[in-house]
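>>> For reference, the sequence and a predicted model appear below.
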Amino acid sequence: MRRVRRFFSHWQNVLGFLIILFYVIVAIMAPVLSPPDPETAAAFKKVGRTRMDMFTSQPLPPSDVALLGTLPSQYDVFHTLVWGTRDALRFGLVVALVSGAFGVVFGAAAGYAGGSVNRVMMRISDSFLAFPVIASVVFLQQLAAIAIESVGGIYYFNTQYFGRVVDVVGSPSLIQVLLSFVNPLMLSLILFSWMPYARLVNTTVISIKNTDFVQASRALGGSSMYTVFKHLIPNAVAPSLVLMARDVGSVVILQATLTFIRLGGDSPWGEMLSMGRDWVISPGGGLFGYWWVFVPATLAIMLFGIAWNLIGDGLVELLDPRSYT
C-alpha cells in the first residue's frame, strides 16, 4: 500500500490514471453515449435533420444533432470519437499484452537455458528486429487477400468508412473463416513487437539465475518450468511492465497513422483524420474554419498516448525497489 500511495502522490501519475479511467468509462458506456446505427459500422453514423443534409459533402459545425459537428458525408464526429475509444483500448491492450507476454516467456526461457540455446534464440530475436514493421503490415495484408481470393472470396483490407471487409462467396472454407478474424496490422505488431521484452528479461534472467533462491528451487526438486515461472519471471518482469504500458499508447498512435496514410489499419480516429484532411485548411484559407474535423480526433490520439506514457513513467518508480529503501 505504501508503494501505491507514493505512486498517487505524484500529480503526473494521477493525471495519467484519470485520463485512462476516462477512456475506459467512455468505452464501456459507448452504446449509451452514442447508440450505433444498425445499418453502418459501429464506429460511424450518419446524422442530419433531412435526407439531403445526410448526403452533403461539406462538414457541418456542432449542433444539437451532432454535438461535435460532422465529417464529410455527415458522419458524426462525437459518435466516432466514442466508439474509436473502445477500438483503441482493445487494439492497444491486445497488442501490448500478447507481444509482452510472449517476449517475457521467450527471453526468460532463453536466459535460463543459457549457452548456445540462448545465443540462437537471441539471434532469432535480432532477426525479427531487423525486419521493418511497415513491410510486415503490407506483406500480411497481401497474404490474407491472396489466401481469401484464391478460394473464391473477396477481401478489402481498408474500405473508406467500414474498415476491413471480407466477403465470402458460398460456404466459407476453414482458411477463410480463420483469416476473416485476422487483423493484419494487429498480427504484424504482435509479431514484431515482442523482441524488446525478450531482450530485457533475458538480460535480467542471466544475471539472477545463479542466485541462492533459484539454486534452492532447483535443489528442492523444482522443474525448469516451475523455476522460470515462479522465480525468474516475477523477478525480471518489472522493466517489461513499464515498456508494456508505454506500448499501449504507441501502437494506437501507429495504428491511427497507418490508417491515415492508407497503408493498413482500421482505426476510427485515423479514419476521421483521413476523411477530414481536405478541410484542415478551409476554402477561405483559415486553419480553424472547420476545426471539428481534426481537433477532436487529434486530441483523443495525443491524450491517449500521453496518458499511457505517464503511467509508464510512474511504474518505473513503483516497480523499482531502490526507490523504497
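Received it, and whenever you're ready, just let me know what you need. Everything numeric here is computed off the predicted structure, so don't read it as measured data.
>>> can you pull the contacts of residue 79?
Contacts for residue 79 were tallied using Cβ atoms under 8 Å, 6 or more residues apart in numbering; they are 34, 36, 43-45, 47. Placement of C-beta: from N, CA and C, glycine included.
>>> Give the buried residues for the longest helix anywhere in the chain.
Ranked by number of residues, the top helix in the chain under DSSP state H is helix 77-113. For helix 77-113, burial by neighbour count (16 or more other Cβ atoms under 10 Å) applies to 77-89, 91-92, 94-96, 98-100, 102-113.
>>> that older thread, kindly indicate which of the contacts of residue 79 lies nearest residue 217.
Closest approach between the contacts of residue 79 and residue 217, by Cβ to Cβ: residue 43, at 49.1 Å.
>>> Let me know whether the closest one touches residue 85 as I believe.
No: between residue 43 and residue 85 there is no contact, the gap being 9.8 Å when judged by Cβ atoms under 8 Å.
>>> Is the closest residue to residue 264 other than its chain neighbours in a helix, a strand, or coil?
Sequence neighbours aside, residue 137 is the residue nearest to residue 264 in space, at 4.4 Å (criterion: Cβ to Cβ, 6 or more residues apart in numbering). Following DSSP: H, G, I helix; E, B strand; the rest coil, the label given to residue 137 is helix.
>>> give the contact list for residue 142.
With Cβ under 8 Å, 6+ apart as the criterion, no residue contacts residue 142.
>>> low pLDDT regions in the stretch 51-200 of the chain?
Low-confidence regions of the stretch 51-200 of the chain, defined by pLDDT under 70, span residues 51-56, 144-182.
>>> let's go with 80 and repeat that
51-57, 73, 133-184 (pLDDT under 80).
>>> Find the residue closest to the spatially most central residue of the chain in space, skipping its chain neighbours.
Centroid-nearest residue in the chain: residue 92, 2.2 Å away (criterion: Cα atoms, centre = their mean). With sequence-adjacent residues excluded and distances taken as Cβ to Cβ, 6+ apart, residue 92 is closest to residue 248, at 4.0 Å.
>>> Now do the one you found: how many residues are near it, please.
26 (other Cβ atoms under 10 Å).
>>> Next one: it relative to residue 116, how far apart?
Distance of residue 248 to residue 116, given as Cβ to Cβ, to the nearest Å: 35 Å.
>>> what packs against the host helix or strand of residue 118?
Per DSSP states H and E, residue 118 falls inside helix 115-129. Here helix 115-129 touches helix 77-113, helix 195-208, going by 3 or more Cβ pairs under 8 Å, 6 or more residues apart in numbering; DSSP states H and E.
>>> repeat that for 6 Å
Judged by 3 or more Cβ pairs under 6 Å, 6 or more residues apart in numbering; DSSP states H and E, helix 115-129 is in contact with helix 195-208.
>>> show me the contacts for residue 128.
With contact set as Cβ atoms under 6 Å, 6 or more residues apart in numbering, residue 128 has these partners: 192, 195.
>>> from now on call the first residue 784
Right, with 784 as the first residue, what we last looked at is residue 911.
>>> So it versus residue 922, what's the distance?
For residue 911, the distance to residue 922 equals 13 Å [Cβ to Cβ].
>>> Domain-wise, how is the protein divided?
The chain breaks down into these domains under automatic domain parsing: 785-914+975-1107, 915-974.
>>> can you give me the end-to-end distance of the shortest one?
Spelled out, that is domain 915-974. 11 Å (Cα to Cα, to the nearest Å).
>>> Any idea how far stretch 842-854 is from the middle of the chain?
When C-alpha coordinates are averaged (Cα atoms, centre = their mean, to the nearest Å), stretch 842-854 and its chain have centres 28 Å apart.
>>> Give me the contacts around it.
830, 855, 859-861, 1058-1059, 1062, 1073, 1075-1076, 1079.
>>> For stretch 845-865, buried residues please.
849, 851-865.
>>> Would you mind listing the residues in contact with the residue nearest to residue 875?
Residues near residue 1031 by Cβ under 6 Å, 6+ apart: 875, 879, 1091.
>>> would you list these in TSV and tack on distance to residue 1011?
As requested, those are exported to TSV (distance: Cβ to Cβ, whole Å):
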residue	distance to residue 1011
875	27
879	22
1091	28
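>>> Can you tell me which of these comes closest to residue 796?
For those, the closest approach to residue 796 (Cβ to Cβ) belongs to residue 1091, at 12.0 Å.
>>> what kind of secondary structure is that closest one in?
Residue 1091 falls in the helix class when you classify it by three-state DSSP.
>>> how deep is it tucked in, by neighbour count?
For residue 1091, the count of nearby residues is 26 (other Cβ under 10 Å).
>>> isn't it right up against residue 1032?
Yes: the pair residue 1091 / residue 1032 is scored as a contact, 3.3 Å apart, by Cβ atoms under 6 Å.
>>> related to what we said a few turns ago, angle of the longest helix of the chain against helix 978-991?
30 degrees (axes from the mean of the first three to the mean of the last three Cα atoms, to 10 degrees).
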